[in-house]
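Chemist: sequence and predicted structure below; questions after.
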Amino acid sequence: MRWQLVDTIEELIVDQSIWGTKVYDPEEEFFQDHFPGFPVVPGVLIMESLAQISGKLIGYSVRLSRGDWPFPILSMMNRVKFRKFIRPGETIRLESKISEIRRDFCSVKVRALVDSKVHSQAEQIFVFNAVPLADETEKERVEALERAELKKLWSSHPL
């Protein structure tokens, strides 16, 4: 199963930043336990949403400069802060800005906002393709999946 934790990409500026949205459905099963009578979006899912949108920014930016998809993999998070609860049904603005990009890793600063107020933030560090793909056919298949997913999320993308 592949979790899709980004609903839209609204803007992507190559080598700089991206923002998009996510709304968690109040009917999701995990809200029954997190927390009964006061459902909130689990922090780990907020960080995963931010990692997924960051991965799109990094992947697309590196593809344009290098010509291949780097398959960014979240490796580390620093300075993670959860300032306010996010409730199911609220529209979350997911923001990511590239801090540093090198040949085999990238660091980004991420924020999750609701109604223009920062609810969560962190620094996320990604490594590129930590597990090499088996062969060229597998690489082409994964690249095609990445392109299709990017097109689905980012309606104005140029690919």
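Modeler: Thanks, I have it.
Chemist: which of the residues in the longest helix belonging to the chain are buried?
Modeler: The single longest helix within the chain, with elements called by DSSP state H, is helix 43-66. Residues 43, 45-63 are the ones in helix 43-66 that count as buried (16 or more other Cβ atoms under 10 Å). No exception for glycine: its C-beta is placed from N, CA and C like everyone else's.
Chemist: that one - what's its average pLDDT?
Modeler: For helix 43-66, the mean pLDDT works out to 93.
Chemist: repeat that for stretch 17-31.
Modeler: Stretch 17-31 shows a mean pLDDT of 95 in the predicted model.
Chemist: now the end-to-end length of it.
Modeler: 31 Å (Cα to Cα, to the nearest Å).
Chemist: again with stretch 96-110
Modeler: Start and end residues of stretch 96-110 are separated by 4 Å (Cα to Cα).
Chemist: in it, what's buried?
Modeler: Buried residues in stretch 96-110, counted by 16+ other Cβ under 10 Å: 96, 98, 101, 105-110.
Chemist: tell me the residue in the chain that is farthest from the middle.
Modeler: Farthest-out residue of the chain from its mean C-alpha position, per Cα atoms, centre = their mean: Gly37, at 28.8 Å.
Chemist: strands of this protein, start to end?
Modeler: Along the chain, counting by DSSP state E, strands occupy 8-13, 17-23, 72-82, 91-101, 105-114, 117-128.
Chemist: looking at those strands, which is closest to Leu145?
Modeler: For the strands of the chain, the distance to Leu145 is smallest for strand 72-82, at 14.4 Å, taking Cβ to Cβ.
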